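>>> fold the following and give me the result.
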Amino acid sequence: MIKTEKWEKLHNWMEKLGIQEHELDEHFIRGSGKGGQKVNKTSSCVQLNHQKSGAEIRCQKTRSQAENRYWARYELCEHIEEQILGEKSKKQQAIEKIRRQKRRRSRRSKARMLNEKTKNGAQKKLRGRVRPDD
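Numbering: from 1, shown residues only. Presented below is the predicted three-dimensional model:
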């Protein structure tokens, strides 16, 4: 369960961003994905529509409807703050970091990297144990 202190903190954040409860359309829909019968039977997924910004958030982090209500509002605040400040969210930064890591190297840099690896391998072989001649 989400404590009242967290709810109050969230409401203060919403006030700072200019989000008011009456501007939110909240719908409870059935979730999808893994989770079995419980997820498929109950309407624990929360869908928030913010009328002013047109943002639509769906949240199904937990099986609890109350917790999903909190997390949907939290994600909405993150989304609107990102729009206002023009900064990229932590989630977006993580996605971009993974994309950079997976990006294909140029032929020249790949050849340079492989050349360095072979040099290092050759140096490691030289560090081997020296056996006395019998």
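>>> use CA for all of it now, contacts and neighbours both
Will do.
>>> what's next to stretch 65-77, contact-wise?
Residues outside stretch 65-77 that contact it (Cα atoms under 8 Å, 6 or more residues apart in numbering) are 1-2, 7, 10, 13-14, 17, 43-48, 55-62.
>>> centroid-nearest residue for this structure?
K91 (3.7 Å; Cα atoms, centre = their mean).
>>> pLDDT score assigned to it?
On the pLDDT scale, K91 is placed at 76.
>>> what of E26?
pLDDT, E26: 92.
>>> so what's it up against?
Counting by Cα under 8 Å, 6+ apart, E26 has contacts V46, Q47, L48, N49.
>>> most neighbours, which of those residues?
Counting neighbours by other Cα atoms under 10 Å, V46 comes out on top of the contacts of E26 with 25 neighbours.
>>> that residue should be in a strand, yeah?
Yes - membership of V46 in a strand is supported by DSSP: H, G, I helix; E, B strand; the rest coil.
>>> now do the buried residues in the helix or strand bottoming out on mean pLDDT in the chain.
Every helix and strand in the chain was compared by mean pLDDT, DSSP states H and E; the lowest is helix 37-41, with a mean of 75. By neighbour count on 16 or more other Cα atoms under 10 Å, the buried set for helix 37-41 is V39.
>>> got it, and stretch 103-113?
By 16+ other Cα under 10 Å, stretch 103-113 has no buried positions at all.
>>> quick check: mean pLDDT of that stretch?
Mean predicted confidence for stretch 103-113 is 88.
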